[in-house]
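Q: show me the folded form of this:
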Amino acid sequence: MSLLKRIEQGQAQQDNQSPQRSSSAGAGGSGTSRLSGLNARRVAPPGTAQRDTYRDLKTRVQNKLLAELDPSMDVSQTAEVRRTIEELFENILAEEKIVLSRPERRRLFEQIVAEILGLGPLEPLLADDTITEIMVNGAKNIYIERSGKLYREPASFESDDHLMRIIDRIVAPLGRRIDESSPYVDARLPDGSRVNAVIPPISLVGPVLTIRKFARNPITVEQLIEYGTITPEAIEFLKACVISKINMIISGGTGSGKTTLLNVLSQYIPADERIVTIEDAAELQLRQEHVVSLEKRPPNIEGRGEVTIQNLVVNSLRMRPDRIIVGEIRDSAALDMLQAMNTGHDGSMTTAHSNSPRDTLARIETMTLMAGTELPVRAIREQISSALDLVVHLERLRDGSRKVTHVSEIQGMEGDVITMTDLFVFEQTGFENGRVIGRLRPTGLRPKFMDKIEASGINLPPSIFGVGERRRY
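A: Numbers count the residues shown, from 1 in each chain. Sure, this is the predicted structure:
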């Protein structure tokens, strides 16, 4: 019988014997005092194997392994380090006379390697391609998102200190820090996955870690169509818009798929254009060769050296960009982005959080006012209507699916109001077996910027806009 089986049986026996000792100690006829009954309950079961839990065994082997590892070893050589750890691991098990079955030995080895080279309990979750988000609420609570639904994961960290070590391991290579004076941080993993960490005192449940995973292989247009996120007609139209340098903004709620759609549409940018990307944490995956990626920087421990999105947008104008792509607009950088779109940088794209296409324009207006310039509201709206041509809005529906719900053209101003026209609208026709049934349908209207698309040598058939075609269900 392997050591882990004996440990589990020993723990079960201990749990079964504990209530029996408690009842015998409480019986008055035995002559045993109440104090001796309490002492009896405190007696540990004999044998070290029964006292040790799996976690104790893992910690013991791991500590001995760390003590024997060469500190000067280059941990970037993962394959070589892994072979060294495996040799030391086998030697330690032999010296300690620890008997484990082959699956148990492999599980223990993989967990120890994850602690030394990876992110501990998160490694198997990061390796699972079906998981899209990982949420750690304190050391003992890990939740995952799979197919748009949340599930609790049985894995856990040993303690808050253990979780803090993993967070430090993520943010340290990026030159960022997290401590009581700066208790939250945005970061990224080497594969581009987005990371946010929050620690006490502003978190009351211990360290909180959220990881938005990126697919190992970027999602393709075909996959978006297969998932029902968008239709072939809408993709054909958006492809023409990108090639024709139509300024667009992709909007939606958290986790609605804005960045994914931006990545997909960016593949239609011609390869002979110079692209400058500006982000909070680098997550765009552009496939063109001539791409310059810029990332904002938080202030250092003295409060100096901060580089904001706004600073980067202004600087990018001096870098001779053909297109500027901003990962997300969320503050006064909106004004500089509008200025860039209005000064010859057509084809620029960005994303923003909002609840609808109309709310998107209201948010941009509010963010422009955050710049502190005392511009009249009408002047700001004229800038917005002149700079932006198209709003693509996504939503995360109640079944967890992500859909493009609106493709809306910004036509101009009527009085003090920005006018918009819906070109494609998602129509829900039912809800069956926990899934939303519906389709993104053309409204039959053509955009005003069709002349610009045709000037680029692209002729879209009228059927894309629903002209001369019967409704399909």
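Q: nearest spatial neighbour of the spatially most central residue of the chain, chain-adjacent residues omitted?
A: What sits nearest the mean C-alpha location of the chain, by CA atoms, centre = their mean, is Arg212, with 1.4 Å. Leaving aside its chain neighbours, Arg212 sits nearest to Arg194 (4.1 Å; criterion: CB to CB, 6 or more residues apart in numbering). The way it works is simple: take the backbone N, C-alpha and C, and place the C-beta from them, glycine included.
Q: what's the residue nearest to the centre of the chain sitting at in phi/psi?
A: When read as degrees, to the nearest 10, the backbone of Arg212 gives phi -90, psi 110.
Q: with the one 10 residues further on instead?
A: The phi and psi values for Glu222, taken as degrees, to the nearest 10, are phi -60, psi -40.
Q: equivalent analysis for Ser182, please.
A: Note on Ser182: backbone dihedrals following degrees, to the nearest 10 are phi -140, psi 80.
Q: list the contacts of stretch 138-148.
A: Residues from elsewhere that reach stretch 138-148 (CB atoms under 8 Å, 6 or more residues apart in numbering): 121, 125, 130-137, 150-153, 155-160, 162-163, 205-208, 255, 396, 399-402.
Q: got the CA positions of it in CSV?
A: Written as CSV, here are the backbone C-alpha positions of stretch 138-148 (Å, rounded to 0.1, in the frame of the first residue of the first chain):
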residue,chain,number,x,y,z
GLY,A,138,-8.2,34.5,-1.1
ALA,A,139,-6.1,31.4,-0.7
LYS,A,140,-8.9,28.9,-0.4
ASN,A,141,-11.4,30.0,-3.0
ILE,A,142,-10.6,29.5,-6.7
TYR,A,143,-13.3,29.9,-9.4
ILE,A,144,-13.0,29.4,-13.2
GLU,A,145,-15.1,30.4,-16.2
ARG,A,146,-15.8,27.8,-18.7
SER,A,147,-18.1,28.4,-21.7
GLY,A,148,-19.3,31.6,-20.1
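Q: follow-up on the earlier one: report the buried members of the contacts of stretch 138-148.
A: For the contacts of stretch 138-148, a burial check counting by 16 or more other CB atoms under 10 Å picks out 121, 125, 131-136, 153, 155-158, 160, 163, 206-208, 255, 396, 399-402.
Q: show me the residues you listed that map onto helices.
A: Taking DSSP state H, the ones among the buried ones among the contacts of stretch 138-148 that sit in helices are Leu125, Asp160, Leu163.
Q: can you give the strand pairings for the longest strand anywhere in the chain, parallel or anti for each?
A: Longest strand in the chain by number of residues (criterion: DSSP state E): strand 417-432. According to DSSP bridges, strand 417-432 has the following sheet partners: strand 402-414 (antiparallel), strand 435-442 (antiparallel).
Q: can you tell me which of the ones you listed is most buried?
A: With neighbours taken as mean count of other CB atoms under 10 Å, the strands paired with strand 417-432 reach their highest mean count in strand 402-414, at a mean of 20.
Q: mean confidence (pLDDT) on that one, please.
A: Strand 402-414 shows a mean pLDDT of 93.
Q: now stretch 418-427
A: Mean predicted confidence for stretch 418-427 is 94.
Q: same thing with stretch 207-215?
A: Taken as a whole, stretch 207-215 has a mean pLDDT of 90.
Q: now do the end-to-end distance for that stretch.
A: Stretch 207-215 has an end-to-end distance of 26 Å (CA to CA, to the nearest Å).
Q: and if you look at stretch 261-280?
A: 18 Å.
Q: host element of the residue nearest to Met319 when sequence neighbours are not counted?
A: In space, and not counting its chain neighbours, Met319 is closest to Val276: 5.7 Å by CB to CB, 6+ apart. Val276 is located in strand 275-279, with elements delineated by DSSP states H and E.
Q: and whichever strand or helix holds Leu335, what does it pack against?
A: Element membership for Leu335 (DSSP H and E) is helix 333-341. Applying 3 or more CB pairs under 8 Å, 6 or more residues apart in numbering; DSSP states H and E, one finds that helix 333-341 contacts helix 309-316, strand 323-326, helix 357-369, helix 377-387.
Q: now Ala455. Its backbone dihedrals?
A: According to degrees, to the nearest 10, Ala455 has phi -70, psi -20.
Q: burial check on it, number of neighbours?
A: Neighbours of Ala455 under the rule other CB atoms under 10 Å: 10.
Q: now Leu423
A: Using other CB under 10 Å, Leu423 has 22 other residues around it.
Q: can you check Leu265 too?
A: Around Leu265 there are 20 residues (other CB under 10 Å).
Q: where are the low-confidence patches of this protein?
A: Of all residues in the chain, those with pLDDT under 70 make up the ranges 1-55, 58, 62, 66, 69-78, 468-473.
Q: what bridges to Met135?
A: Here Met135, judged by DSSP bridges, has bridge partners Tyr143, Thr210.
Q: got the buried residues for stretch 168-179?
A: So, applying 16+ other CB under 10 Å, buried residues of stretch 168-179: Ile170, Val171, Leu174, Arg176, Ile178.
Q: centre of the chain versus that stretch, how much separation?
A: Chain-centre distance of stretch 168-179: 17 Å, with CA atoms, centre = their mean, to the nearest Å.
Q: go on, stretch 294-307?
A: That offset, for stretch 294-307, works out to 22 Å (CA atoms, centre = their mean).
Q: for stretch 395-413, same thing?
A: Relative to its chain's centre, stretch 395-413 lies at 21 Å (CA atoms, centre = their mean).
Q: can you report how many residues lie near the closest residue to Thr220 other than its chain neighbours?
A: Among residues not flanking Thr220 along the chain, Val264 sits closest, at 7.1 Å (CB to CB, 6+ apart). The local packing of Val264 (other CB under 10 Å) involves 23 other residues.
Q: again with the one 5 residues further on
A: The number of residues packed around Ile269, counting by other CB under 10 Å, is 22.
Q: rewinding a little: now do the contacts for the residue nearest to Met319.
A: Each residue near Val276 by CB under 8 Å, 6+ apart is listed here: Val291, Val292, Leu294, Ser316, Met319, Pro321, Arg323, Ile324, Ile325.
Q: bridged to it, which residues?
A: Going by DSSP bridges, Val276 forms beta bridges with Val292, Ile324.
Q: just Phe424 next, same as before
A: Assigned bridge partners for Phe424, using DSSP bridges, are Val407, Pro442.
Q: need the contact list for it.
A: Residues in contact with Phe424, defined by CB under 8 Å, 6+ apart, are Thr231, Glu233, Ala234, Phe237, Val404, His406, Val407, Leu440, Arg441, Pro442, Thr443.
Q: circling back: okay, the residue nearest to Met319 and Lys245: tell me how far apart.
A: The span separating Val276 from Lys245 equals 15 Å under the rule CB to CB, to the nearest Å.
Q: next one: Val99
A: For Val99, the distance to Lys245 equals 68 Å [CB to CB].
Q: next one: Gln383
A: For Gln383, the distance to Lys245 - CB to CB - is 18 Å.
Q: name the helix or strand for the closest residue to His406 other than its chain neighbours, please.
A: Nearest non-adjacent residue to His406, counting by CB to CB, 6+ apart: His393, 4.1 Å away. Element membership for His393 (DSSP H and E) is strand 390-396.
Q: helices or strands up against that strand?
A: With contacts taken as 3+ CB pairs under 8 Å, 6+ apart, strand 390-396 sits against strand 248-252, helix 258-266, helix 357-369, strand 402-414.
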